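J.: Fold the following for me, if possible:
(one chain, ligands or ions: 2)
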Amino acid sequence: MTGKQDLVESVLAGKRLPLARLLTLVENDAPEGRAALDQLFTHTGRAHLIGVTGSPGSGKSSLVNQIALALRNPTDGKPARSVAIVAVDPTSPFTGGAVLGDRVRMRDLAGDPGIFIRSMASRGALGGLSRATTGVVQALDAAGFDIVLVETVGAGQSEVDIARLAHTTLVIEAPGMGDDIQAIKAGILEIADILVINKADHPGVDSTVRALRAMLELGHPTHHRAAAGSTAVLWIPPVLQTIATKSEGIGELVDAIYRHAAYLHETGAWQLRDRIRLQSELEQLVQLELTARWQDSVSPELLQATLSMIEARQISPYQAAIQLTHPLPEPHSG
Ligand SMILES: Nc1nc2c(ncn2[C@@H]2O[C@H](COP(=O)(O)OP(=O)(O)OP(=O)(O)O)[C@@H](O)[C@H]2O)c(=O)[nH]1
Ligand SMILES: [Mg+2]
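T.: Ligands and ions are numbered 1, 2, ... in the order given. You can find the predicted model right below:
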């Protein structure tokens, strides 16, 4: 069978239909998709992975759309970049925002061979979605896209996952949380490389920007001390304002993205983030693999018997776990 080889080669050649087919295989965790990813992996590591997260309805899809347009049509003499967009919705594929965002994209970006758009909806556990997203991003990287934008709604674990996935994380918020600034979890500021206050045409944008800058300074006082007192290169997350619906502030945002990429390369942080990402992927996969092997090896009878002993308080769950995962050695004779 040469089908698998054909798929890999077609993806490497930049063909879109085979790429779409591969992404479906990867999403479904099909063995054929996994085998293709194994072969494609050697071609990954080149794309700039950008995570876009933030509150529901803050304008993530609209901004991703604008960023992609700007990257396709640079006005500053930079070469046009090829862009893949992955919209991850851990809750439902049918929120108003997501559908609208996709419609805007269809209008502005359809037909451009340098753009590839993929929507992913949750199927089963969040862990499964995050694993599928990792595979999808690897496939797009191997397919040669310069930039892969991954949009996910800022809901708990997914934003941490996305920060783990990305070289650059954009956090998008809308004004109006000025009075309620504590509502923004410190966690989201920690993962932000670039903070964007979108909907800057709405009231309250200045106070939101001020509050966020203050929070960032509280969170990263060393940034400012070191920036003033040493020559060490440090990244202070900029707080930018945009109006996605009027394409305002997009140039500055794209510029910040380029500056962040340059910062990552100059300081070695690019490689470091790559390593952390791959390490966490490896650990996740080892866990899954070991659990699967253990489940295959342990007899249901033994499992039931052990559970009964725990219920009878004869052994603790911890003791049972040790026994079930470390088979007891044969007793020594004499
Ligand atoms: N006034 C104004 N409206 C905006 C702006 N950006 C986006 N919108 C509108 O806000 C709504 C939500 O935009 P989306 O881009 O779908 O937001 P989102 O963050 O992707 O939404 P979810 O994916 O559902 O979380 C849409 O009606 C947009 O047209 C902006 O800068 N100003
Ligand atoms: Mg959206």
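
J.: Which of the helices or strands spans the residue of the stretch 51-200 of the chain found nearest ligand 2?
T.: Taking Cβ to the ion as the measure, the stretch 51-200 of the chain has residue 61 as its residue closest to ligand 2, at 3.3 Å. For glycine as for every other residue, the C-beta is placed from the backbone atoms N, C-alpha and C. For residue 61, the element it lies in under DSSP states H and E is helix 60-72.

J.: And the following helix or strand past that helix, what does it pack against?
T.: Of the helices and strands lying after helix 60-72 in sequence (DSSP H and E), the nearest is strand 83-89. In terms of contacts (3 or more Cβ pairs under 8 Å, 6 or more residues apart in numbering; DSSP states H and E), strand 83-89 is packed against helix 60-72, helix 96-109, strand 115-121, helix 126-142, strand 147-152.

J.: any idea which of those is most buried?
T.: Using mean count of other Cβ atoms under 10 Å, the stretch among those with the greatest mean number of neighbours is strand 147-152 (a mean of 25).

J.: what's in contact with that strand?
T.: Here strand 147-152 makes contact (Cβ atoms under 8 Å, 6 or more residues apart in numbering) with 47-53, 60-61, 64, 67-68, 71, 81-90, 101, 133, 137, 140-141, 158-159, 161-162, 165-166.

J.: what does stretch 39-46 give?
T.: For stretch 39-46, the external contacting residues (Cβ under 8 Å, 6+ apart) are 4, 8, 11-12, 138-139, 141-142, 144, 146, 274.

J.: Which SSE is immediately downstream of the lowest-mean-pLDDT helix or strand in the chain?
T.: For the chain, scoring each helix and strand by mean pLDDT, DSSP states H and E identifies helix 221-229 as the least confident one, at a mean of 50. Toward the C-terminal end, the helix or strand that comes next after helix 221-229 (DSSP H and E) is strand 239-241.

J.: where in the stretch 1-150 of the chain is pLDDT low?
T.: Counting by pLDDT under 70, the low-confidence segments of the stretch 1-150 of the chain come to 1-2, 90-108, 122-127.

J.: what's the offset of the longest helix along the chain from the middle of its chain?
T.: Scanning the chain for the helix with the most residues, using DSSP state H, yields helix 269-297. The gap between the average C-alpha position of helix 269-297 and the chain average comes to 16 Å, counting by Cα atoms, centre = their mean, to the nearest Å.

J.: Measure how buried residue 200 is and give me the count.
T.: Residue neighbour count, defined by other Cβ atoms under 10 Å, stands at 22 for residue 200.

J.: and what of the one 5 residues further on?
T.: Other residues near residue 205 number 19, with proximity taken as other Cβ under 10 Å.

J.: Now do the contacts for the closest residue to it other than its chain neighbours.
T.: In space, not counting the residues next to it along the chain, residue 205 is nearest to residue 175; the distance is 4.2 Å by Cβ to Cβ, 6 or more residues apart in numbering. With contacts taken as Cβ under 8 Å, 6+ apart, residue 175 has the following neighbours: 197, 199-200, 202-205, 207-208.
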